[in-house]
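1. One predicted model, sequence on top.
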Amino acid sequence: MAGFSIKSVYAMAKKEFMDNIRNKWFILLTILFVLLIFAFSYLAGGQTGGDNVLGDMQTTVFGLLDISSLLIPLIAIILGFSTISGEDESGALNVVLSYPIRRIEVLLGKLFGLGSVIILSILLGFGIGGIVIAATVGTEDFAGYFYFILLSIFLAFIYLSLAICISAYCKRRITSIGGGIIVFFWGMIYGTVILGILLGTGYSFSDFQSGNLPDWFFNSVVFSPGDMYQTAVQRAFGVDTIEVTGFSVTIPEFLSMPLLLLTHFIWFIVPLILAYVFFKRRDL
Amino acid sequence: MITKKIACPSCKHKFNIQVNPGEKVTVSCPQCHTQGIFRFPDMTKTIDTSSYSLQISNLSKTYKDVRAVNNLSLQVRKGEIFGLLGPNGAGKTTTIKAILGLIRRDDGTITINGFDSIKDDIEARKKVGYLPERVSFYENLTPIQTLNFFCELRGVDKSIVEPLISEVGLEEAKHRKVGTFSKGMVQLLGVAQVQLGNPSIYILDEPMGGLDARWVKTIREKIRMLNKRGATVILSSHILSEVEQVCDRVAIIKKGSVIAQDTVANLNNYLHIKPRLEILIQGLQGRIPKILQQMEGITALDVQEDRLFVTCDSSLKSDVITALKEAGFKVIDIKITEPSLEDAFIKLIEGGA
């Protein structure tokens, strides 16, 4: 882009980082995050039945997946849902945009600045947890754990992109809150919706338990970033079959890591492009 | 405040000092500690009547079905203080937002310092300082962090930040989060913000709003000082007396269009608003002197006991007093009320033009 200024993006990102790193909700959720890692790791230690109090990396991560696919989107949404609508309402954005900065630079600065805040939170939580587990239990599955951290960051950026998109679209902060809640709960209820469709299309609960499922059931994972993330993490640890008490589901081959990463990218880039279109057209 | 590089006359060491125009400061050389007095010359205000800082032609903006700005055109000369006046909802803020590119206009062109505000938007905004009516900053940042951020956006030296914070009286709060500031303190931080990088055009939307009398006076002086340094100031305010005190020219906006654009004096002439004399005459006792009833150029006569009220052409003021004296009336006191911006504003807004 002609005249695009990296300096302006950096200045904006630095400001977002400094402002949001002191956000009380972010601090609370990060503390909760770190505590949960240790709690799950401790529980995983009990499951493995070994001498170690903390569980190995894979067991800990699989125990953590549900909570991380809930908490990471929550942190991203809290940081991003009002970054444009809220600042428009308060008037802060008027001052920023009266300076020689383009809207795309503001948007990218916000993405990278808020993204850095979440990366810090993830590294604090999973990083410290990983180091403690590696030191006490060992470094087995360390590569998988590393991918797990990268995928968690990717998930955070997807939800950040969605939150910024909502913020750029909504005129007011209060409507952005509504949008954020819808996006967050979509991830939570998606599994139930798909199960309902499965049962409503002639399949039974025993089909579900035995893993006798149609292709679309697996394909539909791409419509839920949280489920997609969980599948990608399982793939990263080389796990093909998920076995929980009474259930045994094999992840089909077509849900390969490249496909999952591509879908992650689409989930990230499409809302970001929409956010730019909405922001560019926005009257402040 | 201006940053000036000077050379020590003893050791020739060069260093920066910060000084206001006309101010005399004692300077000590950081290298050889030689002391000397430096006086920065007071700048003389000049208005360049041949070139414009801002030109707006046929600007229009509609929000859904409301025409906020309707075919608005105005020109602001280089080096003048220009007042933007109008009742609530007249389109002042929409016009300002269009100048800054904060809203998309439906029609029209805007040129800032010769740059088109859409095609050359970044160049156009490089030398513009903006203080909005409802100023807000980032709650978790301190004033220093806030101003440093804006310095980075403008690409200017951050050494001016602390002197500016002191200048607006926020020295003691410079390490506090802006989120803990009162409305007035945020406004003062806004005043500091608008000066970063010494813009050549200042756009101030209700700059005195939310400030106490002491700070209103300080800001009024600040506007004059910035203007003396050569900056063009565009001031929107509903406090007409403030505008009258500082502005060289004004534009009055009504229903999204400029209905008048001139100096306050010219507006009053154009609107035929005349001065009013209040003359205290011994023993008048409610009578209107016949000599004045026959005089041409007097538009109104009124009397209350010994007080006579005469509205007349400006050139007739002394003739009225002379005529009264020649007719034997004993004039004890005279008070002249010159037509104000408020008079012109009300006449225009009420459709008296």
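-> Here it is on my side, so go on.
2. quick one: B:Ile103 from A:Pro252, how far?
-> 51 Å (CB to CB, to the nearest Å). Bear in mind the C-beta positions are built from the backbone N, C-alpha and C, glycine included.
3. More neighbours: which of the two?
-> B:Ile103 (20 against 14; other CB atoms under 10 Å in any protein chain shown).
4. Tell me who's in contact with the residue nearest to that one when sequence neighbours are not counted.
-> Here the nearest residue to B:Ile103 in space, its sequence neighbours aside, is A:Asp283; by CB to CB, 6 or more residues apart in numbering or on different chains that works out to 4.1 Å. Contacts for A:Asp283 were tallied using CB atoms under 8 Å, 6 or more residues apart in numbering or on different chains; they are B:Tyr63, B:Lys97, B:Leu102, B:Ile103, B:Arg104.
5. ok but the third one is inside a strand, no?
-> To tie it back to what came earlier, the one meant is B:Leu102. No. Per DSSP: H, G, I helix; E, B strand; the rest coil, B:Leu102 lies outside any strand segment and is coil.
6. That one - nearest residue in space that isn't next to it in sequence?
-> Distance criterion CB to CB, 6+ apart; nearest residue to B:Leu102, sequence neighbours excluded, is A:Leu284 at 4.2 Å.
7. Same question for A:Phe154.
-> Spatial nearest neighbour of A:Phe154, excluding adjacent residues (CB to CB, 6+ apart): A:His264 at 5.2 Å.
8. Find the helix or strand that the one you found is a member of.
-> A:His264 is part of helix A:257-281, with elements assigned from DSSP states H and E.
9. In that helix, which of the residues would be classed as buried?
-> Neighbour counts over helix A:257-281 (16 or more other CB atoms under 10 Å in any protein chain shown) mark A:259-261, A:263-264, A:267-268, A:271-272, A:274-276, A:278-279 as buried.
10. can you redo the residues you listed as JSON lines with pLDDT?
-> Below are these laid out as JSON lines (pLDDT from 0 to 100):
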{"residue": "A:Leu259", "pLDDT": "91"}
{"residue": "A:Leu260", "pLDDT": "92"}
{"residue": "A:Leu261", "pLDDT": "93"}
{"residue": "A:Thr263", "pLDDT": "93"}
{"residue": "A:His264", "pLDDT": "93"}
{"residue": "A:Trp267", "pLDDT": "95"}
{"residue": "A:Phe268", "pLDDT": "97"}
{"residue": "A:Pro271", "pLDDT": "97"}
{"residue": "A:Leu272", "pLDDT": "97"}
{"residue": "A:Leu274", "pLDDT": "97"}
{"residue": "A:Ala275", "pLDDT": "97"}
{"residue": "A:Tyr276", "pLDDT": "97"}
{"residue": "A:Phe278", "pLDDT": "97"}
{"residue": "A:Phe279", "pLDDT": "97"}
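11. Would you mind putting those into JSON lines with distance to B:Phe345 alongside?
-> Shown next, in JSON lines, are the buried residues of helix A:257-281 (distance: CB to CB, whole Å):
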{"residue": "A:Leu259", "distance to B:Phe345": "68"}
{"residue": "A:Leu260", "distance to B:Phe345": "66"}
{"residue": "A:Leu261", "distance to B:Phe345": "65"}
{"residue": "A:Thr263", "distance to B:Phe345": "62"}
{"residue": "A:His264", "distance to B:Phe345": "60"}
{"residue": "A:Trp267", "distance to B:Phe345": "56"}
{"residue": "A:Phe268", "distance to B:Phe345": "54"}
{"residue": "A:Pro271", "distance to B:Phe345": "49"}
{"residue": "A:Leu272", "distance to B:Phe345": "48"}
{"residue": "A:Leu274", "distance to B:Phe345": "46"}
{"residue": "A:Ala275", "distance to B:Phe345": "43"}
{"residue": "A:Tyr276", "distance to B:Phe345": "43"}
{"residue": "A:Phe278", "distance to B:Phe345": "39"}
{"residue": "A:Phe279", "distance to B:Phe345": "38"}
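12. Which stretches in the chain count as helices?
-> Went with chain A since none was named. Ranges of helices in chain A, per DSSP state H, are A:6-20, A:24-48, A:57-80, A:85-90, A:92-97, A:103-122, A:128-136, A:142-169, A:173-200, A:205-210, A:215-219, A:225-236, A:257-281.
13. sorry, should have said chain B
-> B:92-100, B:121-125, B:143-154, B:161-167, B:183-194, B:213-228, B:240-246, B:264-270, B:290-293, B:317-326, B:341-349.
14. circling back to that earlier point, dump the residue contacts of the residue nearest to A:Phe154.
-> Counted by CB under 8 Å, 6+ apart, A:His264 has contacts A:Leu151, A:Phe154, A:Leu155, A:Ile158, A:Pro225, A:Met228, A:Tyr229, A:Ala232.
15. which residues sit in contact with the fifth one?
-> The reference is to A:Pro225. Contacts of A:Pro225 (CB under 8 Å, 6+ apart): A:Pro73, A:Leu155, A:Ile158, A:Tyr159, A:Gly187, A:His264, A:Trp267.
16. if we can go back for a sec, among the helices of chain A, single out whichever gets nearest to B:Gln285.
-> Distance to B:Gln285, taken as CB to CB, is lowest for helix A:92-97 among the helices of chain A, at 61.5 Å.
17. so does the closest one get close to chain B?
-> Yes. Counting by CB under 8 Å from any CB of the partner chain, chain B has neighbours in helix A:92-97: A:Ala92, A:Asn94, A:Val95, A:Val96, A:Leu97.
18. And A:Phe112, how far from A:Ile158?
-> 15 Å.
19. rewinding a little: now pLDDT too, for the contacts of A:Asp283, in CSV please.
-> Shown next, in CSV, are the contacts of A:Asp283 (pLDDT from 0 to 100):
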residue, pLDDT
B:Tyr63, 92
B:Lys97, 95
B:Leu102, 95
B:Ile103, 95
B:Arg104, 94
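20. Which residues of the stretch 51-200 of chain A lie near chain B?
-> So the stretch 51-200 of chain A meets chain B at A:87, A:90-92, A:94-102 (CB under 8 Å from any CB).
21. From the residues you listed, pick the one nearest B:Val76.
-> Nearest member of these to B:Val76, counting by CB to CB, is A:Ser98, at 16.6 Å.
22. any idea how far A:Ser82 is from A:Ile177?
-> For A:Ile177 relative to A:Ser82 (CB to CB), the value is 7 Å.
23. And these two? Which one has more around it.
-> A count of neighbours by other CB under 10 Å puts A:Ser82 above the other of A:Ile177 and A:Ser82, at 25 against 17.
24. hang on, that one packs against A:Ile174?
-> No. Between A:Ser82 and A:Ile174 no contact is recorded; they are 9.2 Å apart, counting by CB atoms under 8 Å.
25. Spatially, which residue comes closest to residue 98, not counting chain neighbours?
-> If you meant another chain, say so; for now it's chain A. Nearest residue to A:Ser98, sequence neighbours excluded (CB to CB, 6+ apart): B:Tyr130, at 3.7 Å.
26. Oops, wrong one, chain B.
-> The shortest distance from B:Ala98 to any non-neighbouring residue, by CB to CB, 6+ apart, is to B:Arg105 (4.9 Å).
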